[in-house]
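**Q** sharing a model that was predicted from the sequence below.
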Amino acid sequence: MFPFLRLGPFLLQLPGLALLAGVWVGSSLADNEATRLKLKSGAISNLIFFALVAGIVGARLGYAVRYLSTYLANPLDLLALAPTTLSPRAGIVIGATVAVLIGRRKRLPLRPTLDALAPGLAAFLVGSGMANILSGDAFGSPTNVPWAIYLWDENRHPSQIYETLAALVIFVVEWKRPLGRPGAGVNFLLVAALSAAARVFLEAFRGDSLIWPGGFRAAQVIGLVVLAASWRLIQAWNQPGLRRQGSGQPRQEAEAH
Amino acid sequence: MMSPSARLITAVLALGGVWTFISRVPPSATTGGAPPPSPREGFSAPDFTLDLLGGGQLTLSDLRGKAVMVNLWASWCPPCRAEMPSIEKVYQAFQGQGLVVLGVNTTFQDSESDVAAFVEEFGLTFPLLLDREGGVSRRYQMRGLPSTFFIDRQGIIRTVVVGGPMSEAVIQSKVEELLRQGG
């Protein structure tokens, strides 16, 4: 764990830098994939950029709304560089909404766009795992296994390492596009399905799980639902006769193999 | 007849379902229960007893039932100086609602005369504690100054802010969050 690096008067938040690196690499890979899928040049990186900006602004506004009188009295504090004053839920909703609106406005076809985003998403998951290794977040449950790490005053499963390794495997699998059919949306669904499967199996080693009634770990239950839904969609979208449906643009047969 | 891939995913889903069932835990097995002491969000705030500036001692666990903001600072640290007026202002506004602010001076790397001058300069009215040996700074794994821990009425750390200065809105919103959680 190495959350901060002091450079003179500045305290660099290394997990934040790892996330930024994930976004940057992911955005570059998504743009390359978009070119390969013959989407408009720069369309995907613009989509990611504006969705991110909207997500960050939305997260801050979502937080400020909860403490409206405080921020009305100090409106300039909306600009404070404080990651703890962001509302992740509001950020995700607003960022996703903006992405959908831009996608429609630019007439980006759904399935090729999702496939273009797939390698970027897989790279971002690796960056997110690295950020958790650096910050000590997403920590594991106490254990006595020989490879346990001492973190937060106990020997724990190195869950951050498990999850980063799983993300790397997902990235490599996605890179090889085992299901073929680039542009049909199935590569994106494959990333979603593999991530969900990893969550179902690795969540059991986490020490910070949200527990639902009956002792079920929320992330595992949601992971199972996402896994089943992703697989169902893969089956539906991977039908040869439906390949162009929703893609909105011709595709090169040679790319399928 | 199921295809090989359909058989595989059915097996993965069934295995996942069984794994989800057998990895059930009571809420107390994670930080949702009674978490052990550690200086991070979701854990119990490590307890300490320190001398107060001006005499007497204070123990953190004696404040259970109140919202507590622990601010580690030093008189030579510019962001600590910058955020101190906002901390005092929020303390004045919310102490009647059950907020306690503890200013823990890292005295092992400061001087008590500078601390006294600092308190006088900013007119601080909340309790100032002296970490002469650095024990609290080590226990709270201090990585930068200032470091602030927002602790709820059950003694659980809800937010950690390393570095600064925190704006008044940041401090106030975090304090309101603690006070809203009730007792």
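**A** That came through fine.

**Q** residue B:150 belongs to a helix?
**A** No. Counting by DSSP: H, G, I helix; E, B strand; the rest coil, residue B:150 is not part of a helix but strand.

**Q** quick check on the closest residue to it other than its chain neighbours: phi, psi?
**A** Spatially, and ignoring its direct neighbours in sequence, residue B:150 is nearest to residue B:159 (4.2 Å; CB to CB, 6 or more residues apart in numbering or on different chains). C-beta here means a position set from N, CA and C on the backbone, and glycine is covered the same way. Dihedral pair for residue B:159: phi -150, psi 140, per degrees, to the nearest 10.

**Q** give me the pLDDT for residue 86.
**A** This is for chain A. Residue A:86 carries a pLDDT value of 93.

**Q** other chain: chain B
**A** 96.

**Q** residue A:244 now?
**A** 47.

**Q** can you pull the contacts of the residue lying closest to residue B:149 once chain neighbours are set aside?
**A** In space, and not counting its chain neighbours, residue B:149 is closest to residue B:70: 4.4 Å by CB to CB, 6+ apart. Applying CB atoms under 8 Å, 6 or more residues apart in numbering or on different chains to residue B:70 gives the contacts B:45, B:60, B:102, B:104, B:140, B:148-149, B:151.

**Q** assumed residue B:70 was part of a strand.
**A** Yes. Per three-state DSSP, residue B:70 lies within a strand segment.

**Q** wait, does the helix or strand containing residue B:94 contact chain A?
**A** According to DSSP states H and E, residue B:94 maps onto helix B:78-94. Yes. Helix B:78-94 reaches chain A (CB under 8 Å from any CB of the partner chain) through residue B:78.

**Q** so what does that helix touch, helix or strand wise?
**A** Secondary-structure packing of helix B:78-94 (3 or more CB pairs under 8 Å, 6 or more residues apart in numbering or on different chains; DSSP states H and E): strand B:67-73, strand B:99-105, helix B:112-122, helix B:168-180.

**Q** and those as a markdown table, adding mean pLDDT?
**A** Listed next are the helices and strands packed on helix B:78-94 as a markdown table, based on pLDDT from 0 to 100:
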| stretch | mean pLDDT |
| --- | --- |
| strand B:67-73 | 97 |
| strand B:99-105 | 97 |
| helix B:112-122 | 95 |
| helix B:168-180 | 94 |
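
**Q** spell out which residues of the stretch 101-250 of chain A are next to chain B.
**A** A:136, A:141, A:152-154, A:197, A:200-201, A:203-204, A:206-211, A:214-217, A:220-221, A:223-224, A:227-228, A:231, A:235.

**Q** one more pass at 7 Å, please.
**A** A:136, A:152-154, A:197, A:200-201, A:204, A:207-211, A:214-217, A:220-221, A:224, A:227-228, A:231 (CB under 7 Å from any CB of the partner chain).

**Q** was I right about residue A:151 contacting residue A:138?
**A** No. Contact between residue A:151 and residue A:138 fails when scored by CB atoms under 7 Å: they sit 10.9 Å apart.

**Q** pLDDT at the nearest residue to residue B:59 once chain neighbours are set aside, what is it?
**A** The shortest distance from residue B:59 to any non-neighbouring residue, by CB to CB, 6+ apart, is to residue B:49 (4.4 Å). We note a pLDDT of 97 for residue B:49 in this prediction.

**Q** for chain A, see how far away residue B:49 is.
**A** Residue B:49 sits 19 Å away from chain A, going by CB to the nearest CB, to the nearest Å.

**Q** just to revisit the earlier point, the residue nearest to residue B:150 and residue A:83 touch, don't they?
**A** No. Using CB under 7 Å, residue B:159 makes no contact with residue A:83, being 10.5 Å away.

**Q** now the two most distant members of the contacts of residue B:70.
**A** For the contacts of residue B:70, the farthest-apart pair by CB to CB is B:60 and B:148; their separation is 14.3 Å.

**Q** thinking again about what came up before, burial count for the residue nearest to residue B:59?
**A** By other CB atoms under 10 Å in any protein chain shown, 13 other residues sit near residue B:49.

**Q** cool, and residue A:141?
**A** Using other CB under 10 Å, the number of residues around residue A:141 comes to 19.

**Q** show the contacting residues for it.
**A** Residue A:141 makes contacts with A:156-157, A:205-207, as judged by CB atoms under 7 Å, 6 or more residues apart in numbering or on different chains.

**Q** from residue B:77, how far out is the closest residue to chain B within the stretch 51-200 of chain A?
**A** Among all residues of the stretch 51-200 of chain A, residue A:77 sits closest to chain B, at 3.4 Å; criterion: CB to the nearest CB. Separation of residue A:77 from residue B:77 (CB to CB, to the nearest Å): 21 Å.

**Q** more neighbours: which of these two?
**A** Under the neighbour definition other CB under 10 Å, residue A:77 and residue B:77 were set side by side, and residue A:77 has more, 23 against 20.

**Q** so what's the nearest residue to that one once chain neighbours are set aside up against?
**A** Leaving aside its sequence neighbours, residue A:77 sits nearest to residue B:169 (CB to CB, 6+ apart; 3.4 Å). By CB under 7 Å, 6+ apart, the contact list for residue B:169 reads A:70-71, A:74, A:77, A:80.

**Q** one more time with 8 Å, if that's ok
**A** Contacts of residue B:169 (CB under 8 Å, 6+ apart): A:64, A:67, A:70-71, A:73-74, A:77-78, A:80, A:85.

**Q** among the helices and strands of chain A, which has the poorest mean pLDDT?
**A** Least confident element among the helices and strands of chain A, by mean pLDDT, DSSP states H and E: strand A:4-7 (a mean of 74).

**Q** off-centre distance for it?
**A** Computed by CA atoms, centre = their mean, to the nearest Å, the chain-centroid distance of strand A:4-7 equals 26 Å.

**Q** the residue of the stretch 51-200 of chain A closest to chain B touches residue A:63, doesn't it?
**A** No. In this structure, residue A:77 is not within contact of residue A:63 by CB atoms under 8 Å, at 10.8 Å.

**Q** for chain A, which residues score under the pLDDT cut-off?
**A** A:9, A:240-257 (pLDDT under 70).
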